[in-house]
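K.L.:
What follows is a predicted structure for the sequence shown.
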Amino acid sequence: MVWNITVTPFDDSDAASLRAAQRKELDERYGTSDHEPGIPPSAADVPVFLVARDGDGVPIACGGLRPLPEKVLGAGVVEIKRMYTTPSARGTGVATAVLRALEHEARRLGAHRLVLETGTGQPDAIRFYQREGYSPVALFGTYVGSDNSACFARDL
C-alpha cells in the first residue's frame, strides 16, 4: 500500500478528527474519559504532527512529537503523542510507516531517544511498540504512579 504521510498542523481539521476518533475509542475501552495522566498535548507543545492519508486522500493514521523538559528525562528526549490508526487501516502497515516517519522527524529535531506512554488496557498497542523495537521503561513524568500506564523507549 502507498500512503501520503505529511507534517500537518496539530489543529488541522483532519488531525483533530483523527484525535477525536482516538479519544472516543479510548473512552469506550476504558469506560471513562479520564484515562490520560498529565497535560494533554496541544499545538503549543507538539511541534511535529503527522497525518497519513490513503490513496484517496482520506486521513487514516496520525502521531505527534512533544519534546520533554530536560528535567524529566534529560536533554534530547521526545515523547510520541496521539499515535492512532483508524480501525479500517489497521494491519496495513500504515502505523509502522507513521512511527518510522516520527522517528525520522525526531532525529531532525535533534532527539536521541523517543519515549511514549500507552495504556495497560491496550495490549495491541503494547505488542505493536515492542515489535517495533521499543522496550519497557519505568513510568516517567506525569505517568509516575499511574495504574493504567505502560511506558516504552527507543534510542535513535
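P.N.:
Nice, thanks for sending it over. As the structure is a prediction and not an experimental result, all values here were calculated from the model. Numbering: from 1, shown residues only.
K.L.:
tell me the strands in the chain, going along the chain?
P.N.:
Secondary structure of the chain (DSSP state E): strands at 4-7, 48-53, 59-67, 77-85, 113-119, 135-137, 149-155.
K.L.:
Who does the closest residue in space to residue 101 that isn't next to it in sequence form a beta bridge with?
P.N.:
Closest residue to residue 101 apart from its sequence neighbours, by CB to CB, 6 or more residues apart in numbering: residue 5 at 4.9 Å. In short, each C-beta sits where N, CA and C put it, glycine included. Applying DSSP bridges to residue 5 gives these bridge partners: residue 52.
K.L.:
Residue 5 touches residue 52, doesn't it?
P.N.:
Yes - judged on CB atoms under 8 Å, residue 5 makes contact with residue 52 at a distance of 4.6 Å.
K.L.:
list the residues that contact both of those two?
P.N.:
Taking CB atoms under 8 Å, 6 or more residues apart in numbering as the contact rule, residue 5 and residue 52 both touch 97, 98.
K.L.:
could the strands of the chain go into JSON lines alongside distance to residue 42, mean neighbour count and mean pLDDT?
P.N.:
Output for these, formatted as JSON lines (distance: least, CB to CB, whole Å; neighbours: other CB atoms under 10 Å; pLDDT from 0 to 100):
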{"stretch": "strand 4-7", "distance to residue 42": "16", "mean neighbour count": "14", "mean pLDDT": "97"}
{"stretch": "strand 48-53", "distance to residue 42": "11", "mean neighbour count": "22", "mean pLDDT": "98"}
{"stretch": "strand 59-67", "distance to residue 42": "9", "mean neighbour count": "24", "mean pLDDT": "97"}
{"stretch": "strand 77-85", "distance to residue 42": "10", "mean neighbour count": "23", "mean pLDDT": "96"}
{"stretch": "strand 113-119", "distance to residue 42": "17", "mean neighbour count": "20", "mean pLDDT": "95"}
{"stretch": "strand 135-137", "distance to residue 42": "24", "mean neighbour count": "13", "mean pLDDT": "98"}
{"stretch": "strand 149-155", "distance to residue 42": "20", "mean neighbour count": "18", "mean pLDDT": "96"}
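K.L.:
That concludes my questions; thank you for your assistance.
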